[in-house]
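Asker: Generate coordinates for the sequence data below:
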Amino acid sequence: MAVEDMYFLGGCIIFLILFVVFYTLWMKTTHSINVSDNDCIKKSVVDDDVQPELHGHADVIIVGAGVAGSALAYALGKDGRQVHVIERDLKEPDRIVGEVLQPGGFLKLMDLGLEDCIRDIDAQQLLGYVLYKDGESIMLPYPLETKGMCFHNGRFVHRMRQKARTIPNVRLQQGSVASLIEEKGVIKGVRYKTKNSQAIASAYAPLTIVCDGSSSNLRRALCTPKVDIPSCMVCLILQDCELPYPNYSHVVLAPDHSLLFYRISTTEIRFMIDIPRKKLPCISNYLKTVVAFKIPPILYGAFIAAIDEGKRRMTPNKCMPGNPNCTPGAVLIGDALNMRHPILGGGMTVALFDVVLLRDLLTRVRDLHDTNDLSTHIKSFYALRKPFAFTINVFAGGIHTIVDSSKVAPGSNEHDDDVKEALQQICFKYLSLGGIFSSSTIAVVCGLFSHPLMVFFHISGLAVYGLIHIFLPFPSPRRLWLGARLLWGGCMLLFPVVKAEGITVKLLFLYIIPEFLRGHIVKFLSL
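Answerer: Reported below is the predicted structural model:
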């Protein structure tokens, strides 16, 4: 039997085993965490001491004018809606995240008619990844000759806001939103303070869209947030140097951290290192004595110069599964609803997917004042976005879990991380196989083919490849023990990531189980 046939047969067997394990574990806990569609949680956020003042008429209020808010304002304005956007600061942002737009996100940008926003900001093409591990490297180009983009986030957002302003029925206003206005369980608008006034004003609309980013102060009224900050990104700008592979994002896998390099302008390369919060060292000394010797030699001089310049920045990595409540009259999108680890740069891709999906659904709502019809489409939005976001989130969380040295597998400790190192080696060798193993992985990462089935396909593939790699040439007792420990440790590391993202029976049936098998499975489970 050929090796390819062994991989295929083993993958099918492992896939079925993992599916049964995940399904069984989830069914034991789903009754305590699932909420039915009729049990929508409503939170009152109205301030009875403040009298509302009506300022103009709007069909939609958008809180936040970042990537998601600006894109949605432009899209809804083009559809003829009267849009009122409230943003706390309309100056050009100065952020160190949101600099990578994957090919899937770029296609959504084109769908919205906003592709010209990457012009004249010195944006750089991104053609794929180069992965380094223990002195070896593999090139992982994007499939189908697609491309992504890298740029300064502030320049891109500024262009998006300018584009939104070109629509006559879109109004951008600087102000700080204090709360939502709720009447009889329905969100009617927002209360906010303008830039030049401390008085609280009110704005009303039949639909309020909250997309004020990772630090949203309104999400508690619309979802059940579970924000986790597993690590921090320490960032530098490397000046006037070249990457070993131009137009590729470089990822260095090390036992205790991951390093990222990508070009954001003609003269600048962004460097990022992911460091667990519990292990934050003296940064400058750590970068020079530990990290410097792991980066590509061509970047060493610029790296040391950037450290000496002292302009490093730090940002926490926030992760939060999307767990929205059914609140009539309001909807959460983007990072206000759902965040994932930024190691794969998928945040803007998921946000733009949300924008396109919500735009398409709202075109079917003739009257936004019809609360029942609007609520039905909001529920549809939350359900339809789930498979895409779930897949990218699980991939990002899974990769970070394997790389993060603060999370050791069961049976290991801080001085014994053989399982984690073995998982890194298996992932690297698995991607080195090429063909469908690498191309489909990159297709998921870049948002071109993000489907829940791919999560289980690649988990199964990694398990089969890892076991074959360990057992050959002869499955001795030591190899059998190591294989069992690796399989169990991998499942225990990855299952919490999958569970946290909210894999449900409905999601499994709608997007994983083939339609012609669903009826048979239901009959079998009912016996």
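
Asker: so what's residue 115 up against?
Answerer: 106, 109 (C-beta atoms under 8 Å, 6 or more residues apart in numbering). Heads up, the C-betas are built off the backbone N, CA and C, glycines and all.

Asker: again, only this time at 7 Å
Answerer: By C-beta atoms under 7 Å, 6 or more residues apart in numbering, residue 115 lies in contact with residue 109.

Asker: Now do the phi/psi pair for it.
Answerer: phi -60, psi -20 (degrees, to the nearest 10).

Asker: ok, it to residue 331 distance?
Answerer: 25 Å (C-beta to C-beta, to the nearest Å).

Asker: and the residue nearest to residue 343 when sequence neighbours are not counted, how many neighbours?
Answerer: What sits nearest to residue 343 in space, not counting adjacent residues and going by C-beta to C-beta, 6 or more residues apart in numbering, is residue 400, at 5.2 Å. Residue 400 has 22 neighbouring residues, counting by other C-beta atoms under 10 Å.

Asker: Next, residue 400: secondary structure please.
Answerer: helix (DSSP: H, G, I helix; E, B strand; the rest coil).

Asker: Ok, residue 492 next?
Answerer: helix.

Asker: What is the burial count for it?
Answerer: 13.

Asker: Help me confirm that residue 320 comes into contact with residue 339.
Answerer: Yes. With contacts counted by C-beta atoms under 7 Å, residue 320 reaches residue 339, the gap being 4.5 Å.

Asker: Mind listing residues that contact the lengthiest strand in the chain?
Answerer: Longest strand in the chain by number of residues (criterion: DSSP state E): strand 170-183. Here strand 170-183 makes contact (C-beta under 7 Å, 6+ apart) with 44-47, 52, 63, 65, 73-74, 77, 83-90, 161, 164-165, 187-195, 200, 202, 208, 218, 221, 330.

Asker: can we see that at 6 Å?
Answerer: 44-46, 63, 73, 77, 83-86, 88, 90, 164, 187-195, 221 (C-beta atoms under 6 Å, 6 or more residues apart in numbering).

Asker: I'd like the distance from that strand to the chain centre, please.
Answerer: 26 Å (C-alpha atoms, centre = their mean, to the nearest Å).

Asker: Would you mind listing the buried residues in stretch 194-213?
Answerer: 200-213 (16 or more other C-beta atoms under 10 Å).

Asker: same question, stretch 106-122
Answerer: 106, 107, 108, 109, 111, 112, 114, 117, 118, 121, 122.

Asker: Kindly reformat those as a markdown table and extend each row with pLDDT.
Answerer: A markdown table is the format used below for these (pLDDT from 0 to 100):
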| residue | pLDDT |
| --- | --- |
| 106 | 96 |
| 107 | 96 |
| 108 | 96 |
| 109 | 97 |
| 111 | 96 |
| 112 | 97 |
| 114 | 97 |
| 117 | 96 |
| 118 | 95 |
| 121 | 96 |
| 122 | 96 |
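
Asker: Phi and psi next, for residue 229.
Answerer: Given degrees, to the nearest 10, the pair of backbone angles that residue 229 has is phi -120, psi 90.

Asker: Kindly tell me how buried it is, as a neighbour count.
Answerer: 11.

Asker: Give me the nearest residue to it, chain neighbours excluded.
Answerer: residue 316 (4.7 Å).

Asker: Specify the local secondary structure of the one you found.
Answerer: strand.

Asker: partners of it in the sheet?
Answerer: For residue 316, the beta-bridge partners under DSSP bridges are residue 232.

Asker: per-residue pLDDT, it?
Answerer: Looking at residue 316, its pLDDT is 90.

Asker: Kindly report the same for residue 187.
Answerer: The model's pLDDT for residue 187 equals 95.

Asker: Can you tell me which helices and strands the helix or strand in which it is found packs against?
Answerer: Residue 187 belongs to strand 186-194 when assigned by DSSP states H and E. On a contact count with 3 or more C-beta pairs under 6 Å, 6 or more residues apart in numbering; DSSP states H and E, strand 186-194 meets strand 170-183, strand 200-204.

Asker: Can you check what angle separates the last one from strand 186-194?
Answerer: Orientation of strand 200-204 against strand 186-194 (axes from the mean of the first three to the mean of the last three C-alpha atoms, to 10 degrees) gives an angle of 140 degrees.

Asker: In a helix, residue 390, correct?
Answerer: Yes. Looking at residue 390 with three-state DSSP, it is inside a helix.

Asker: Can we start the residue count at 47 from this point?
Answerer: Sounds good: first residue 47 from here, last item residue 436.

Asker: for it, what are its contacts?
Answerer: 498, 547.

Asker: How much space separates it from residue 545?
Answerer: In terms of C-beta to C-beta, residue 436 sits 11 Å off from residue 545.

Asker: Likewise for residue 219?
Answerer: 41 Å.

Asker: for residue 429, same thing?
Answerer: 19 Å.

Asker: Kindly report the same for residue 273.
Answerer: 17 Å.

Asker: Next: residue 385.
Answerer: 17 Å.

Asker: Which one's more surrounded, these two?
Answerer: More crowded of residue 385 and residue 545, by other C-beta under 10 Å: residue 385, with 23 against 16.

Asker: coming back round to it: in TSV: the helices and strands packed on strand 232-240, plus mean pLDDT and distance to residue 441.
Answerer: Listed next are the helices and strands packed on strand 232-240 as TSV, based on pLDDT from 0 to 100; distance: least, C-beta to C-beta, whole Å:
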stretch	mean pLDDT	distance to residue 441
strand 216-229	94	33
strand 246-250	92	38
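
Asker: mind checking which of these is nearest residue 179?
Answerer: Residue 179 sits nearest to strand 216-229 of all the helices and strands packed on strand 232-240, at 45.6 Å, using C-beta to C-beta.

Asker: In the sheet, which strands lie alongside that closest one, parallel or antiparallel?
Answerer: Strand pairing (DSSP bridges) places strand 216-229 next to strand 129-133 (parallel), strand 232-240 (antiparallel).

Asker: Ranking those by mean neighbour count, which comes first?
Answerer: strand 129-133 (a mean of 26; mean count of other C-beta atoms under 10 Å).

Asker: neighbouring contacts of it?
Answerer: 104, 106-109, 111, 119, 122-123, 216-219, 221, 223, 238, 249.

Asker: avg pLDDT for stretch 375-389?
Answerer: pLDDT averaged over stretch 375-389 gives 93.

Asker: first to last residue in that stretch, what's the distance?
Answerer: End-to-end distance for stretch 375-389, by C-alpha to C-alpha, to the nearest Å: 34 Å.

Asker: ok, back up a step: state the separation between the strand holding residue 233 and the centre of the chain it belongs to.
Answerer: 28 Å.

Asker: rewinding a little: format the strands paired with strand 216-229 as a markdown table; extra columns: distance to residue 477.
Answerer: Formatted as a markdown table, the strands paired with strand 216-229 follow (distance: least, C-beta to C-beta, whole Å):
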| stretch | distance to residue 477 |
| --- | --- |
| strand 129-133 | 40 |
| strand 232-240 | 45 |
